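# Return atomic coordinates for the entry below.
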Amino acid sequence: MTTALFIHGTGVREPGFSDLYGRFTAGLREFAPDVRTASCYWGGELGARLGAGGLSVPYTGGHSRGGLGEAAGAVQTVGTAGAAGAADGTELWADLYRDPLTELAAAGDGDSGSGSRPGGGAELPLGAPLPAERPRALLAALDGHVGDIARGAGLPVPYLAAAVTELAASPLLGGAGAAVPDDEELARLLARALVAAALAALLDADAPVVPDGAARDAAVAALAARMGARPEGSERGLGAALARPVLRIASHQAVRRRRALTEAAHPAAADVMLYLAHGEPLRRCLREAVGELEPPVVVIGHSLGGIIALDSLIASPSPRVALLVTVGSQAPFLYESGALPGLVHPEPLPEHLPDWLNVYDRRDLLGYVGAPLFPGRVTDVEVDNRQPFPAAHSAYWTNPAVYRAIAARLP
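From the prediction side, this is the model:
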């Protein structure tokens with residue numbers, strides 16, 4: 001019976017690892033029910049730590065995102081998003097992750113929503129609800145259902161619950177309620193803001209697992225349906241307001257993570273550099289884990305885990321390992337740039353290296369391809385996590401296509 005040995009990537013610690021490994025095990029067994037799973041958890045004992053408590057990191061004076069209350073605050077530029085997104089709206093979701101209230105602000109033309117008048121300055125009809133009351137009434141329909149919707153989408157319940165509470169208090173509801181008369185359209189707009197806020201919080205927490213686009217869309221549909229919208233077409237209209245000139249906030253999130261990789265201002269980057277400088281303990285950890293398993297073994301490494309796996313198998317032949325799988329990994333890039341410890345370009349892969357499957361998402365800026373560098377030795381499989389970067393890098397493990405690709409090649 002095949003054993004799939006999972007080795008995680010950068011920045012993963014408990015309790016996040018247990019959640020990640022549980023998600024991996026459940027996902028793989030959907031397509032390979034007989035496979036055994038095991039793990040190589042190195043983050044707890046061998047992961048990087050800031051010995052002086054982070055004294056080397058410059059104080060930034062704030063966080064990358066201040067939650068829903070930051071909407072349309074920190075303005076950087078004025079632009080349009082109509083041509084920026086892919087057909088499935090992935091790039092428009094990137095805008096919502098940066099500021100979950102972008103769409104709401106655009107719908108109300110940035111009006112803070114005093115609640116006294118509808119859009120255009122017209123008087124409210126006698127007995128009509130105040131503009132902010134309509135969206136708050138829709139949000140009230142979620143009471144008692146947030147937990148089930150969050151769990152169904154793989155979102156932490158507290159994150160989605162906090163998003164509902166914050167959105168209900170937003171001053172932008174008045175402008176949106178006045179500008180969007182159709183309750184179904186308004187429900188979908190609110191649902192997208194809630195899911196974007198919950199996912200943004202998940203990303204800020206550097207969670208090792210992020211729902212892929214399908215799970216995200218299912219959460220939007222479930223929230224919208226609970227607020228009275230028909231389930232079909234819950235993604236209709238995403239970006240309709242964003243297609244107009246709107247205020248766009250700075251992408252603090254992407255800047256923080258890209259800067260982390262080059263300046264060691266983030267624990268994940270510290271893991272990478274610790275490995276490149278002193279990687280033998282991590283390679284030994286993997287070799288010992290493989291040695292405890294009955295063959296055939298499939299080693300599946302995410303991100304830095306893929307680097308560790310490739311490096312280990314290059315340096316130490318292991319007849320127990322029948323397949324190497326790297327997912328969202330920088331191993332090919334490190335090899336080409338001369339930074340892979342065990343093999344320097346243009347040296348070929350050793351003959352003893354097992355078959356190599358490399359899974360990547362082109363939106364994942366940390367995922368690279370190997371087949372052009374090693375023709376005939378690497379099989380690259382592209383998947384679409386339907387998430388912008390950096391969410392794309394953590395969304396592999398909720399994407400069935402990843403497990404399908406792995407299961408098809410299991411010995």
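# Just name the shakiest helix or strand of this structure by mean pLDDT.
For the chain, using mean pLDDT, DSSP states H and E, the weakest element among its helices and strands is strand 75-79, scoring a mean of 29.
# now the helix or strand that comes right after that one: mean pLDDT?
As assigned by DSSP states H and E, the chain's next helix or strand after strand 75-79 is helix 90-98. Helix 90-98 shows a mean pLDDT of 88.
# Next SSE downstream of helix 90-98?
helix 102-107.
# What is that next one packed up against?
Using 3 or more C-beta pairs under 8 Å, 6 or more residues apart in numbering; DSSP states H and E, the elements in contact with helix 102-107 are helix 90-98, helix 172-179, helix 183-204, strand 246-249. Bear in mind the C-beta positions are built from the backbone N, C-alpha and C, glycine included.
# how distant is the helix or strand just after it from the center of its chain?
Remark: after helix 102-107, the chain's next helix or strand is helix 133-140, criterion DSSP H and E. Using C-alpha atoms, centre = their mean, to the nearest Å, the mean C-alpha position of helix 133-140 is found 29 Å from that of the whole chain.
# what sits up against helix 133-140?
Defining contact as C-beta atoms under 8 Å, 6 or more residues apart in numbering, one finds that helix 133-140 is touched by 115, 129, 164, 167-168, 173, 176-177, 183, 186-187, 190, 227-228.
# what are the ranges of the helices in the stretch 251-400 of the chain?
Counting by DSSP state H, counting those that start in this stretch, the stretch 251-400 of the chain has helices at residues 252-263, 267-277, 280-291, 304-315, 331-336, 391-394, 400-407.
# Pull the distance from the third one to the chain's centre.
Using C-alpha atoms, centre = their mean, the distance from the centre of helix 280-291 to the centre of the chain it belongs to is 28 Å.
# What of the fourth one?
Counting by C-alpha atoms, centre = their mean, helix 304-315 is centred 24 Å from the centre of its parent chain.
# burial count for P295?
Around P295 there are 15 other residues, counting by other C-beta atoms under 10 Å.
# And it, how far from T326?
Using C-beta to C-beta, to the nearest Å, P295 is found at 20 Å from T326.
# Could you do L274 as well?
Taking C-beta to C-beta, one finds L274 at 19 Å from T326.
# Compare those two and say which one has the larger neighbour count.
Legend: neighbour count by other C-beta under 10 Å for L274 and T326, higher for T326 (30 against 19).
# Spit out the contact partners of that one.
Residues near T326 by C-beta under 8 Å, 6+ apart: 301, 306-307, 309-310, 356-359, 370.
# mind redoing it with 7 Å?
301, 306, 309-310, 358 (C-beta atoms under 7 Å, 6 or more residues apart in numbering).
# cool, and L190?
With contact set as C-beta under 7 Å, 6+ apart, L190 has these partners: 135, 138-139, 167, 227.
# and if you look at D384?
Listed by C-beta under 7 Å, 6+ apart, the contact set of D384 reads D361.
# where's it relative to L155, distance?
According to C-beta to C-beta, D384 and L155 sit 20 Å apart.
# ok, A198 - how many residues close by?
27.
# right, and it touches G154 too?
No. Taking contacts as C-beta atoms under 7 Å, A198 lies outside contact range of G154: 10.5 Å.
# hang on, T37 in a strand?
Yes. Judged by DSSP: H, G, I helix; E, B strand; the rest coil, T37 forms part of a strand.
# quick one: what helix or strand has the nearest residue to it once chain neighbours are set aside in it?
In space, T37 comes closest to T25 once its chain neighbours are excluded; the distance is 4.6 Å by C-beta to C-beta, 6 or more residues apart in numbering. Under the criterion of DSSP H and E, T25 resides in helix 16-31.
# contacts for that helix?
Contacts to helix 16-31, defined as C-beta under 7 Å, 6+ apart, come from residues 4, 6, 8, 12, 35, 37, 39, 41, 43, 207-209, 397-398, 403-404, 406-407.
# just the buried members of those?
4, 6, 8, 12, 35, 37, 39, 41, 43, 207-209, 397-398, 403-404, 406-407 (16 or more other C-beta atoms under 10 Å).
# for this structure, which spans come out with low pLDDT?
Along the chain, the model assigns pLDDT under 70 to residues 54, 57-88, 109-132, 232-268.
# ok, now with 90
Across the chain, the ranges flagged by pLDDT under 90 are 11, 48-92, 95, 104-134, 152-155, 174-183, 204-208, 230-270, 390.
# hang on, the earlier thing: of the contacts of L190 - the most surrounded one?
In the contacts of L190, the most neighbours by other C-beta under 10 Å go to P135, 28 neighbours.
# Could you find the closest non-adjacent residue to that one?
Leaving aside its sequence neighbours, P135 sits nearest to L173 (C-beta to C-beta, 6+ apart; 4.5 Å).
# Kindly provide the distance from that neighbour to V272.
43 Å.
# Which of these two has more residues huddled nearby?
Taking other C-beta under 10 Å, L173 and V272 do not tie; L173 has more neighbours (28 against 24).
# on that earlier part again, out of the contacts of T326, what pair is the most spread apart?
Greatest spacing in the contacts of T326, by C-beta to C-beta: A309 and N358 (11.2 Å).
# So what's the residue count around A137?
Other residues lying near A137 total 14 when counted by other C-beta under 10 Å.
# for P158, that is, sorry about that
13.
# tell me the SS of it?
Per three-state DSSP, P158 ends up helix.
# Quick check: the closest residue to P281 other than its chain neighbours vs G175, distance?
The shortest distance from P281 to any non-neighbouring residue, by C-beta to C-beta, 6+ apart, is to L46 (5.3 Å). Distance, L46 to G175, by C-beta to C-beta: 51 Å.
# Settle it for me: which of these two has more neighbours?
The neighbour comparison of L46 against G175 (other C-beta under 10 Å) goes to G175, with 28 against 16.
# and the closest residue to the more buried one other than its chain neighbours, what does it touch?
Distances taken as C-beta to C-beta, 6+ apart put G108 closest to G175, at 2.2 Å, once the chain neighbours are dropped. By C-beta under 7 Å, 6+ apart, the contact list for G108 reads 119, 172, 175-176, 178-179.
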